[in-house]
Every structure is written in structure tokens, then in C-alpha cells.
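Asker: generate a structure from the sequence data that follows.
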Amino acid sequence: MLKIIANKEHNGLELYFESKPEQKVIDCLKSAFFRWHNLKKCWFAKNTEKNQRLIKSLLPDAEISNKTMFSLPVKVQAKLNKYGVKVGDIFYISWGYDQTNVNFFQVVELVGNVSIRIKEICDKHVRSNYSMSSYVSPVKDKFIDGIFIKDRTNGDLKKIQLSSRDDGSVYIKVSSYYAHLTTETATHFTSSWA
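Answerer: Purely as a prediction, here's the structure:
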């Protein structure tokens, strides 16, 4: 069984396992900067969107609240790589000189512990800011023949790298640009100038 508590006082998440989880689950937690609390006997980390995504990937039915969330039988088959990235995650790049372009990429396969295979996906218009500019969001599972992916059938292989910032964020290099994790509901600014 697993009990998850959102600790409001410390803005943290606490995971209490009834018995020791599988080593690959422990490795995923460690790589996501969860730490073992020897007195409380739980795994803990800051309550961030990234850590909530990790819990969701380990337990898809999880809901984060300010109280004990649930107790569930733990049958965890971690489909995460070393950095907590999973199939279906979305990366984006923002690039351009006289204009701002945004491209989205979806993870279609985990390759080893630190690499992924990505394909480009389309975006949808969310709202306009003013003439020639708008906000866009990714459209998951709607693959396109974009300009950045060489192998359009299988997707391109990319190595995930840990950001030098101390927030645990990750990125991949797409062409000469760096792509960062985003969500399906995130909006990103794009513009073009005539």
C-alpha cells in the first residue's frame, strides 16, 4: 500500500510505502530528487508540478490534495527514465530572430535510461495577443512532418540532459535549439512580422 500526503507547512509531498518498493521505483524517486526521511520513514520532495507528474506517472489515478490522498496497492511498473521523463511527455522550443516560432515534440519511446525518441506534433491557436502574434498549445498525438525531425517514421533519438539550474529541470537539444518540458495545457507565445 502507498499513502501520499501533501505537507502544506513545508510545501512538500510525502510518500509512505507499506513495504520497500522495487529498486527501479527508488531509482526514479532519487533521480527526481526525492529523499528518504529516516524519522518519518517516507520519501519526500517539494510539491512541484514536475514531482506531481512523477507521481501521476507512477500512479496514474493519483490526485494531489492537502490531506492524505489515498491508500492504494502498489503495483508500480515505472515507465520512466533516469530523469522522470515518460512516453507522452512534451518538449518545446522557442526560436527565431525577427519573429518567435514555437515547435512541440512528443516523446514516443524511452531508449535506455537517458535517451528518448521524439516526433514533432502540431499546435493549436489558444488566443491572440495582437496582430501577427498569438499563444499556442501542443496537440498531443497529432504528429506532423515538421522541419526538425530527420526520421519522420520512427522519430529522432535525443539524449536528455539535466539543466545547470538547481530546479531539477531537463532539456534536449533539437537542431541548434534547446527544448524544455511543457504540458498539454501550457500556452506559448509565437509571433511573425511582415
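Asker: in the top strand by length along the chain, what's buried?
Answerer: For the chain, the strand with the greatest residue count under DSSP state E is strand 115-130. By 16 or more other CB atoms under 10 Å, the buried positions in strand 115-130 come out as 115, 116, 117, 118, 119, 120, 121, 123. Bear in mind the C-beta positions are built from the backbone N, C-alpha and C, glycine included.
Asker: what separates the next helix-or-strand element following that strand from the chain centre, distance-wise?
Answerer: Using DSSP states H and E, the helix or strand that follows strand 115-130 in sequence is strand 133-143. Strand 133-143 has its C-alpha centroid displaced from the chain centroid by 16 Å (CA atoms, centre = their mean, to the nearest Å).
Asker: who does strand 133-143 pair with, and is each partner parallel or antiparallel?
Answerer: strand 115-130 (antiparallel), strand 188-191 (antiparallel) (DSSP bridges).
Asker: need those in a markdown table (columns: distance to residue 26 and mean pLDDT).
Answerer: Converted to a markdown table, the strands paired with strand 133-143 look like this (distance: least, CB to CB, whole Å; pLDDT from 0 to 100):
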| stretch | distance to residue 26 | mean pLDDT |
| --- | --- | --- |
| strand 115-130 | 21 | 87 |
| strand 188-191 | 35 | 80 |
